[in-house]
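> Any chance you can model this:
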Amino acid sequence: MSTVRFDPFFRTVRDLDRMTDELLGSRGGFAPEYDIEDQGEDRFAVALALPGYDLDELEITAKDRQLVVKGEPKAASRANYIRRGIARASFQRSFTLGDHIEVAGATLDKGILRVELERRVPEAMKPRTIAIAAPAADQSAAPAVEQAA
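Numbering: from 1, shown residues only. The predicted structure follows:
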């Protein structure tokens with residue numbers, strides 16, 4: 001039995017993700033970490049780790065299939081830090097949304113910003129089931145069209 005190892009690929013993916021974030025996703029050298037959560041059919045959420053940010057320091061915009069989360073700390077802390085590991089810098093994180101994905105809402109709780117997303121496909125674009133009728137003596141009847149469940 002042979003074993004396939006993916007360890008060498010993970011390093012490349014992490015490096016590519018970091019490079020992409022630096023080029024496209026962040027401003028000021030800080031981009032918050034995030035998770036994408038599956039919440040069932042046609043629903044999911046993006047959760048960003050933003051410890052110490054208040055509601056009035058965050059802005060979320062969705063335009064042209066682009067979700068942008070910006071953070072701008074209002075006041076600099078006057079504390080005298082020996083070590084400072086919690087980032088409180090300005091940032092901008094962008095996500096490209098798929099077709100028919102809409103922002104359903106957002107919450108900030110315990111340092112986690114959760115942006116709820118939902119896929120809303122218009123009725124006209126959903127698959128339909130077309131009933132096949134057998135030829136009948138009366139040719140005036142048209143085949144029925146039913147909406148798929």
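> What helix or strand is the residue lying closest to Ile36 once chain neighbours are set aside located in?
Excluding its sequence neighbours, the residue lying closest to Ile36 (Cβ to Cβ, 6 or more residues apart in numbering) is Val46, at 5.6 Å. Where C-beta positions appear, they are placed from N, C-alpha and C, glycine not excepted. With secondary structure defined by DSSP states H and E, Val46 is part of strand 43-49.
> Mind listing what's buried along that strand?
Phe44, Ala45, Val46, Ala47, Leu48 (16 or more other Cβ atoms under 10 Å).
> The helix or strand following it pairs with which strands?
Counting by DSSP H and E, the element after strand 43-49 in chain order, helix or strand, is strand 58-63. Partners of strand 58-63 in the sheet, by DSSP bridges, are strand 66-71 (antiparallel).
> and the angle for the partner strand with strand 43-49?
Here the directions of strand 66-71 and strand 43-49 differ by 30 degrees (axes from the mean of the first three to the mean of the last three Cα atoms, to 10 degrees).
> So for strand 66-71, mean pLDDT?
Across strand 66-71, the average pLDDT comes to 94.
> Contacts made by that strand with the rest, please.
Strand 66-71 has contacts (Cβ atoms under 8 Å, 6 or more residues apart in numbering) with 32, 46, 48, 50, 53, 57-62, 90-97, 103, 113, 115, 117.
> Now, of these, which are buried?
32, 46, 48, 50, 53, 57-58, 91-93, 95, 97, 113, 115, 117.
> hang on, Tyr53 packs against Ile112?
No. With contact defined as Cβ atoms under 8 Å, Tyr53 does not reach Ile112; the gap is 10.3 Å.
> Closest one of the buried residues of strand 43-49 to Pro135?
In terms of Cβ to Cβ, no member of the buried residues of strand 43-49 lies closer to Pro135 than Phe44, at 47.1 Å.
> Isn't the closest one up against Arg114?
No. Look at Phe44 against Arg114 with Cβ under 8 Å: they stay out of range, at 10.6 Å.
> Which two among the buried ones among the contacts of strand 66-71 are spaced furthest apart?
Using Cβ to Cβ, the two most remote members of these are Glu57 and Leu97, lying 23.4 Å apart.
> Contact partners for the residue positioned nearest the centre of the chain?
The chain has Val46 as the residue nearest its centroid, 4.6 Å off, counting by Cα atoms, centre = their mean. Val46 makes contact with Tyr34, Asp35, Ile36, Glu37, Leu67, Phe95, Arg114, Val115, Leu117 under the criterion Cβ under 8 Å, 6+ apart.
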